[in-house]
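*Asks:* the sequence and its predicted three-dimensional model are supplied below.
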Amino acid sequence: LLEFYGERSWKNIISIGDSFDELRALQEVTFLHENPQSAKTGSQKPMRAKAIKMLQNPTVHELVAQVSALTHFIPAIVGLDGD
């Protein structure tokens, strides 16, 4: 994340995975990070952390359904102004 964002604020962090390890990693990384303050308001810039839990060991049919659903809903997930 540091390589991607550099010194800019973290805006939308999305974790997609089939285990709770991805969720724990997302929580750890975002809880330890502090976004810079806004020059306009003086308050810390918001960060939105979102986790999508996929099925573990899905069948081919389930995997296709998950990817299809994710493809459909990802714009709304990204656009949500919150966690």
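*Replies:* All right, it came through fine.

*Asks:* identify the residue nearest the most centrally placed residue in the chain in space, chain neighbours excluded?
*Replies:* The structure's the chain has its C-alpha centroid closest to I14; by CA atoms, centre = their mean the separation is 1.4 Å. Residue nearest to I14 in three dimensions, not counting chain neighbours: K50, with 4.8 Å by CB to CB, 6 or more residues apart in numbering. The way it works is simple: take the backbone N, C-alpha and C, and place the C-beta from them, glycine included.

*Asks:* I'd assumed the one you found was in a helix, is it?
*Replies:* No: secondary structure of K50 (DSSP: H, G, I helix; E, B strand; the rest coil): strand, not part of a helix.

*Asks:* so it sits against N12, correct?
*Replies:* Yes: the pair K50 and N12 passes the contact test of CB atoms under 8 Å, sitting 7.3 Å apart.

*Asks:* distance of the residue nearest to the centre of the chain relative to A39?
*Replies:* 26 Å (CB to CB, to the nearest Å).

*Asks:* please apply the same query to H61.
*Replies:* 50 Å.

*Asks:* same for the helix or strand containing Q66, what does it pack against?
*Replies:* Taking DSSP states H and E as the criterion, Q66 maps to helix 60-79. In terms of contacts (3 or more CB pairs under 8 Å, 6 or more residues apart in numbering; DSSP states H and E), helix 60-79 is packed against strand 12-17, strand 48-53.
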